[in-house]
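1. Give the three-dimensional model of this entry:
(chains A and B, ligands or ions: 2)
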Amino acid sequence: MSLQEPITETTPITRTMTGAEIVVRALIDQGVDTLFGYPGGAVLPIYDALFQDNTEHGERLRHILVRHEQGATHAAEGYARSTGRPGVVLVTSGPGATNAVTGITDALMDSIPLVVLTGQVPTHLIGSDAFQECDTVGITRSCTKHNVLVRDVNELARTIHECFHIARSGRPGPVLIDIPKDVQFATGVYVGPDEVTFNHAYKPRTKGDAGKIAEAIELIANAKRPVFYSGGGVINAGPRASALLRELVRATQAPITSTLMGLGAYPASDPQWLGMVGMHGAWEANHAMHDCDVMIAVGARFDDRVTGRLDAFSPGSKKIHIDVDPSSINKVIKTDVGIIGDAGHVLEQMLAAWNARKATPDRAVLKPWWDQIETWRARNGFAYQPSQTTIKPQYAVQRLYELTRGRDVYITTEVGQHQMWAAQFFHFEEPNRWMTSGGLGTMGYGLPAAVGVQTAHPDALVIDIAGEASVQMTMQEMSTAVQFKLPIKIFILNNEWMGMVRQWQQLLHGERYSQSYSDSLPDFVKMAEAFGATGIRADTPDELDAKIMQMIDTPGPVIFDCRVEKAENCFPMIPSGKAHNDMLLGDAAAAVDIGTVIDEAGKRLV
Amino acid sequence: MAEDDPLQPASAYDLSHVDEADTRATFSVLVDNEPGVLHRVVGMFSARGYNIESLTVAETDRAAHTSRITIVTRGAAHVLEQIRAQLEKMVQVRQVADVARDIRGVERELALVKVRGDGEKRAEALRIADIFRAHVIDTTHESFIFELTGPPSKIDQFADLMRPLGLVEMSRTGVLSIIRGKERG
Ligand SMILES: Cc1cc2nc3c(=O)[nH]c(=O)nc-3n(C[C@H](O)[C@H](O)[C@H](O)COP(=O)(O)OP(=O)(O)OC[C@H]3O[C@@H](n4cnc5c(N)ncnc54)[C@H](O)[C@@H]3O)c2cc1C
Ligand SMILES: Cc1ncc(C[n+]2csc(CCOP(=O)(O)OP(=O)(O)O)c2C)c(N)n1
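-> Ligands and ions are numbered 1, 2, ... in the order given. Coordinates of the predicted model:
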């Protein structure tokens, strides 16, 4: 801080500043402490303002310099998902903006709040094919919740504040603000977050309709085979929503399953927990969804990975659907009671209604349902053939889970079989601990997401459970981790194959393994060392525990090359186009001709 | 429908709504008049595979910075419900009304219709135009251009009648819409 300058926070006289200073000031007033970005010509004024703010006020706004703009967006997603606060990205025009598109789309699909600031060529050059010009708002319109090109410096502060509000409220999502360079240089008036009036009528509904809630409570109270189906929306709604969900589930004594995106909202160690639902979900969870008489969906969107074949999806149940986005209700599945509102608010209302009704569930009524569930549990759908000689990928995740238990752990993943094994064998007790790319399924998400998580939680143990193919897509962010001393652990289940692709080719394409084998894989240990990180390799089950402990005890970033069984398939699996009670199990699959399991119609689905 | 078409893989999941018949909807969408709004609305239709039968847009209130977009589309009831929800969730959308299915809804379209002919056909064209209260805005010895306003069905009907009489071409504005009564719709 320079001595002659007054501190701006306490003296709101200096309301006039440059656009670049407005950006920095607005971010600080929004409570932002971290930016993920990459500089370039069209954002240099903002980078300059950041530099000056850092010299005056210390590093109150930390900038994490990534190695590729896609990395910035995924890091911001990891930051957002693990903190509940919007992730902020700053990139330049043209290639900076286009490189960010994958992460922005990923955030849209998974409802992650991001605020992405992009530089743009000066206003008078827009439309002239100027150097590094691209139609950023045009390109990103369909992959943002909202986006805007700011042409007037006096609109800048208002726009930024409104965009933060839009990103984090309602169904969260990515918002992009495109700022021409001349607007960054121009001088304008700053307004704070409390003084702005928003431009738009946008006002998402948070409280649920009382009549609908009463209807839902009646259905639940009279259910003989109820099941809760929770999703990412509960995580979006904040830790309080998870706490309320737990209360309601316990009060109703119903079993609960969750989507991939909702893991952690309900503790995995609880006896009412059934495990994940869906294509690679638990045998008991899918059967319970199929046979239930009342389904309570909370912040889940009936994705095709979850429903399987729609006309056979939970055919005998009444469906209650709680969602903040009215377009999620009745989109895929017809619901009987649709409740629009924030999961936190609605669960609170439901709990109050339940308690007011003094409805203690009749244990005798639910007993046959729980007995049935116990028989499904006894089938042990996640069983796999153990091995003394090769590391089974499931075993590796199990050991990783056991050896990190009790620590402050955050898990990210890439996309593929390893992601599913992580979801099946790593267990979560709390929300915001599990970061994965569900909707878009973006290979390369996990490593930069781990960078973002570790930035927000410097002392936590942050592990990316990775596949050797995915991790190469954004491997360069190891350099970011090393530069910023972020001790992320990249735990690669190295099967040398794009395992998920290989599995589909085996099941659906007559074992013709077209382009799914990665020859010439890098030596990941040497690669770690080249980055200035630590490399560890494990080849056999007997050395695995010690190596995992070595990884945990290493103070800096680690790449762990875990050599696993190459031909392992991920089960259970609901083949495309099949129903929940038509699941393939690992042990049973070995006995049948796997290529014939999926019919022609199923082969055409994704 | 899509279910019978083997080239429509995505719809093979979608078996639950097979027996819903398509109906027509006219969405009157009041939006903030900002750059890119029209693109966002139209882009949503194309990205989600909805059909646009007609589209009109113009600023309606300069002081309030609003425009009205009127979109005529067609779909099963659950599709129309989804379209409406998708429109309503856009940040710049202030209000959505389905004018076609609201008894207070009024729809109007303007059409210019060129008809070529002589003799009795020419006289018949004029008589029909009179019944439809269409104006003649251009004439040659062997053609007319009629100007006609009305709900889209009236214009369709007019075109059907003119076809055997020598309809050459026509141009339509697409549907404009508003809600009856003294309140702002
Ligand atoms: C290889 C692969 C395999 C997969 N296999 C499976 C699988 O077996 N099982 C599985 O479940 N998934 C699987 N997925 C993930 C799947 O594709 C979807 O991403 C996931 O099922 C969607 O989760 P969700 O329904 O919780 O929705 P999300 O995408 O998390 O959406 C959240 C929903 O909650 C709503 N919402 C948001 N905020 C709130 C709030 N505050 N209050 C109320 N509602 C809110 C939103 O409007 C939305 O409807 C797989 C993905 C990949 C890449
Ligand atoms: C960016 C991107 N490209 C392609 C795919 C399609 N895809 C899904 S899983 C997968 C293979 C992943 O292989 P790997 O990371 O080694 O994980 P494994 O399945 O072997 O655990 C591919 C190519 C994708 N999801 N994302």
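2. Downstream of the helix ranked longest in chain B, the next helix or strand is which one?
-> Counting residues, the longest helix in chain B under DSSP state H turns out to be helix B:152-166. On the C-terminal side of helix B:152-166, the nearest following helix or strand under DSSP states H and E is strand B:167-172.
3. Could you tell me the angle between that following strand and helix B:152-166?
-> Interaxial angle of strand B:167-172 relative to helix B:152-166 (axes from the mean of the first three to the mean of the last three Cα atoms, to 10 degrees): 160 degrees.
4. Can you give the contact residues for strand B:167-172?
-> Counting by Cβ atoms under 8 Å, 6 or more residues apart in numbering or on different chains, strand B:167-172 makes contact with B:54, B:109-116, B:143, B:155, B:159, all of which sit outside it. Any C-beta I mention is one placed from the backbone N, CA and C, and that applies to glycine too.
5. Distance from it to the middle of the chain?
-> Computed by Cα atoms, centre = their mean, to the nearest Å, the separation of strand B:167-172 from the middle of its chain amounts to 16 Å.
6. for the record, mean pLDDT for it?
-> In this model, strand B:167-172 has a mean pLDDT of 97.
7. Mind giving me the packing neighbours of the next helix or strand after it?
-> Following strand B:167-172 in sequence order, the next helix or strand is strand B:176-179 (DSSP H and E). In terms of contacts (3 or more Cβ pairs under 8 Å, 6 or more residues apart in numbering or on different chains; DSSP states H and E), strand B:176-179 is packed against strand B:23-32, strand B:66-75, strand B:105-116.
8. now the farthest one out in chain B, which residue is it?
-> Distance from the C-alpha centroid of chain B peaks at B:Gly119, with 34.4 Å (Cα atoms, centre = their mean).
9. Let me see the domain layout of chain B.
-> Here chain B is described, according to automatic domain parsing, as comprising the domains B:23-101, B:106-178.
10. pLDDT weak spots in the stretch 301-450 of chain A?
-> A:359 (pLDDT under 70).
11. swap the cut-off to 80 and go again
-> Counting by pLDDT under 80, the ranges of the stretch 301-450 of chain A that qualify are A:358-363.
12. quick one, strands of it?
-> Counting by DSSP state E, counting those that start in this stretch, the segments of the stretch 301-450 of chain A that form strands are A:318-323, A:337-340, A:409-413, A:434-435.
13. The ones you listed into TSV, with extra columns for distance to A:Asn154 and mean neighbour count?
-> Converted to TSV, the strands of the stretch 301-450 of chain A look like this (distance: least, Cβ to Cβ, whole Å; neighbours: other Cβ atoms under 10 Å in any protein chain shown):
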stretch	distance to A:Asn154	mean neighbour count
strand A:318-323	37	26
strand A:337-340	36	22
strand A:409-413	40	27
strand A:434-435	38	26
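14. Any idea which of these gets closest to chain B?
-> strand A:337-340 (9.7 Å; Cβ to the nearest Cβ).
15. Can you name every helix or strand that the closest one contacts?
-> Using 3+ Cβ pairs under 8 Å, 6+ apart as the contact test, the elements touching strand A:337-340 are helix A:210-221, strand A:318-323.
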